[in-house]
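> What shape does this take:
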Amino acid sequence: MKKLIFSSLIAVMVMGCKEKSDKKTVDSDAVTNSEQETPATNVMENEWQVLFDGTNFDAWKRYLEDGVGDAWKIEDGAMVYYPPKERKKGEKYNLVTKEDFTNFVLSVDWKISEGGNSGIFWGVKEVESLPEAYHSGPEIQVLDNQKHPDAKNGPVRQAGALYDMVGPSEDVTKPVGEWNTCVITVNHKTNKGNVVLNGTEVASFPVHGEEWEAMISKSKFKGSEHFGKYRTGKIGLQDHGDIVSYRNIKIKSLD
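The predicted structure is shown next:
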C-alpha cells in the first residue's frame with residue numbers, strides 16, 4: 001500500500017512539472033509570435049527624424065538669416081513658398097535645416113507650380129561670402145518639365161536630376177499640381193548616392209572622390225571653391241522665384 005501511495009505521488013509530481021514546462025513553452029512561443037507580428041513599418045518609422053510635420057518651421061531657417069520670413073507659409077500640412085512681389089536686390093528666401101547631416105536617406109514630397117523651378121540641396125555650408133545655398137550644396141532638381149525652359153537644356157536640368165551633372169533615366173514626374181515623392185540617399189561611407197522619384201530610381205552617382213570631382217569639372221560649377229566640398233552640411237530648399245510646396249519631410253541617418 002505504501003509503495004502504491006508513493007508511486008501515485010511521484011506520478012502527480014511528474015504531471016505537474018510537465019504542465020509547467022508546457023506552459024512555459026507556450027508563453028515563450030506567444031512572446032516570440034508577438035514580436036514577429038510587430039509591423040516592420042513601426043520599427044522603420046522610429047528611425048526617421050521628422051523635419052517638417054505640417055505644423056511648424058522649428059527645424060528650419062533662412063539661409064544666412066534667422067527665422068523663416070513671411071514668404072513661406074503653412075497651408076494644408078505643407079510649406080508653401082510665395083515669391084515676394086517686391087524684394088531687395090539679391091534678397092533670397094532659401095531655407096536650410098538648423099541641423100547638419102552627413103550620411104542619410106531624405107524623403108520629401110514636392111509640388112511645383114506651372115512653369116516653376118526649385119530644388120533640394122544637401123551639404124550646404126553657410127558661408128557669409130556665398131549668397132546662395134547652391135554655391136556649396138549639390139541640388140536635386142524640382143521642375144515643371146513641360147513648361148520650364150530649363151528642361152530644354154537636357155536631362156541634367158530636369159526634375160530628379162543631380163543638377164547639371166547626372167540626368168534622370170526617365171521622366172516619372174506627376175502633372176503640375178500633383179505631389180511627387182522624392183527619396184534621396186547620400187552615403188559617404190559607401191560613396192554612393194541616388195534619387196528615387198515616385199518609386200523609380202532615376203539617378204545614381206558617387207558623392208565624393210575623383211569621379212565626383214570629374215563630374216563637377218564638366219558642370220557649371222567647375223572651378224568652385226566650395227561646391228560639393230562638404231560631406232557634412234545642411235539640407236536646403238530653393239527659392240528660384242516660383243511657387244513651390246513641400247511636405248512630409250523626414251530624414252534617416254546612416255551613421
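> How about residue 200, nearest residue that isn't a chain neighbour?
residue 172 (4.8 Å; Cβ to Cβ, 6 or more residues apart in numbering). Bear in mind the C-beta positions are built from the backbone N, C-alpha and C, glycine included.
> I'd like to know how far that neighbour sits from residue 195.
Residue 172 sits 11 Å away from residue 195 when distances are taken as Cβ to Cβ, to the nearest Å.
> Please say which of the two ends up with more neighbours.
A count of neighbours by other Cβ atoms under 10 Å puts residue 195 above the other of residue 172 and residue 195, at 24 against 16.
> ok now do the more buried one, which residues does it touch?
Residue 195 sits next to 140, 160, 162, 168, 182-185, 201-204 when contact means Cβ atoms under 8 Å, 6 or more residues apart in numbering.
> Widest-spaced pair of these?
Spatial extent of the contacts of residue 195 (Cβ to Cβ) is set by the pair 168 and 185 at 15.0 Å.
> higher neighbour count, those two?
Neighbour comparison, residue 168 and residue 185: the larger count goes to residue 168, with 23 against 20 (by other Cβ under 10 Å).
> residues in contact with the more buried one?
Contacts of residue 168 by Cβ under 8 Å, 6+ apart are 155, 158-161, 195, 197, 202-203.
> do that again at 10 Å, thanks
By Cβ atoms under 10 Å, 6 or more residues apart in numbering, residue 168 lies in contact with 140-141, 145, 155-156, 158-162, 195, 197, 200-203.
> Name the residue closest to the centre of the chain, please.
Centroid-nearest residue in the chain: residue 106, 1.1 Å away (criterion: Cα atoms, centre = their mean).
> which of the contacts of residue 195 are buried?
By neighbour count, with 16 or more other Cβ atoms under 10 Å, the contacts of residue 195 hold 140, 160, 162, 168, 182-185, 201-203 as buried.
> what's the closest of these to residue 50?
residue 183 (15.1 Å).
> so the closest one touches residue 203, yeah?
No: the pair residue 183 / residue 203 is not scored as a contact, 11.4 Å apart, by Cβ atoms under 10 Å.
> shared neighbours, the two?
Listed contacts common to residue 183 and residue 203 are 194-197; contacts here mean Cβ under 10 Å, 6+ apart.
> List the ones among the residues you listed that fall in strands.
Of the shared contacts of residue 183 and residue 203, the ones assigned to strands by DSSP state E are 194-197.
> With pLDDT as added columns, please give those in TSV.
Shown next, in TSV, are these (pLDDT from 0 to 100):
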residue	pLDDT
194	98
195	98
196	98
197	98
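> residue ranges with poor pLDDT in the stretch 101-250 of the chain?
Nowhere does the stretch 101-250 of the chain drop to pLDDT under 70.
> rewinding a little: now, which of the buried ones among the contacts of residue 195 sits nearest residue 118?
Lowest distance from residue 118 to the buried ones among the contacts of residue 195 (Cβ to Cβ) belongs to residue 140, with 10.1 Å.
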